[in-house]
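Trainee: Just a sequence and a predicted model for now, questions to come.
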Amino acid sequence: MTAAPNPAWPPAAFEARRVVVTGADSGIGRATAVALAAPGRHIALTWHEDDDGARRTAAEIAAHGATAHVRRLDLTDPRDGAAVVDALVGEMGGLDALVMCSGTGSAELLLGMDYDRWRQVVGVDLDGAFCCLTAAARHMVDGGTGGRIVAITSVHEHAPRVGAGPYCAAKGGLGLLVTVAALELAEHGITVNAVAPGEIATPMTGQEDESVLQGKDRPGIPVARPGDAREIAATVAFLCGPDAGYVTGASWVVDGGMLQMGPQAGSHLTSDDWRRP
């Protein structure tokens, strides 16, 4: 006997037609905004310091046939995240996807760090993400058609780094926030995932617009090079697309195998340089 076809399969196609990408003036945010741009779509991007970079991103979005919306976002007051998301959703008439790329970091040992510096990093990277996520989720729930939320964390969501105490704490916390949100928002058809990059050629690592294939030998990374921001954007685009409806609460590590090198690094380091940022 031939089984009757499942009338619920395949599920209705999801399209991220109205998207907010924070921190899209450069790096991973810029690559993601461009990767999600397509004719008929609205891509809203935020910037903090680089107005010119944001406008260049907007121009690339327009070249792909999408409508760009640009706003400044300063997450040193995390509540600004909710206000900016609300404003951008109002401009676009709704929200289908949020990608959170905004972030900052530090490079100093805990014993040399004061509380204000700790709070600055945690406030931007974790509190700011909370405000953006909850604001976006409310719009998606009200819209009633589901949605996609992706947080850019880091390999340091999963593993520590000397000199990056508040960054690691914030990214680890953001990873767990993603899993809680995935559980709570699933009934509304909203998926929530993290993408955890390794070393990526961006302004944060001082190497944007440089080839990752030439002159970038990384013996401690199995693929022996940094990643390109577009490689992260490709993963984000999948998670925001129609084929990722059964993926939620996951952390997608995109690091060239870096996290797999624990025992090898422990046995093959040849100096104590790692003890300093």
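Mentor: Everything's here; your move.
Trainee: can you pull the contacts of Gly198?
Mentor: Contact analysis of Gly198 by C-beta atoms under 8 Å, 6 or more residues apart in numbering lists Val155, Ile221, Pro226, Gly227, Val253, Val254, Asp255, Gly256, Met258, Leu259. C-beta coordinates here come from the backbone N, C-alpha and C atoms, glycine included.
Trainee: Any stretches of this structure with poor pLDDT?
Mentor: 1-11, 203-215 (pLDDT under 70).
Trainee: rewinding a little: could the contacts of Gly198 go into TSV alongside distance to Tyr115 and neighbour count?
Mentor: Output for the contacts of Gly198, formatted as TSV (distance: C-beta to C-beta, whole Å; neighbours: other C-beta atoms under 10 Å):
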residue	distance to Tyr115	neighbour count
Val155	26	20
Ile221	34	20
Pro226	33	25
Gly227	33	22
Val253	31	22
Val254	33	17
Asp255	31	23
Gly256	35	24
Met258	31	22
Leu259	30	15
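Trainee: how close does Ser106 get to Gly241?
Mentor: Look at Ser106 and Gly241: by C-beta to C-beta, to the nearest Å, they are 34 Å apart.
Trainee: host element of Thr46?
Mentor: Assigned by DSSP states H and E, Thr46 belongs to strand 42-47.
Trainee: Following element in sequence after that strand, please.
Mentor: Following strand 42-47 toward the C-terminus (DSSP H and E): helix 51-63.
Trainee: about what we covered before: could you give the angle of the strand holding Thr46 to helix 51-63?
Mentor: Between strand 42-47 and helix 51-63, the angle comes out at 170 degrees (axes from the mean of the first three to the mean of the last three C-alpha atoms, to 10 degrees).
Trainee: what packs against strand 42-47?
Mentor: strand 18-22, helix 27-36, helix 51-63, strand 67-72, helix 80-92 (3 or more C-beta pairs under 8 Å, 6 or more residues apart in numbering; DSSP states H and E).
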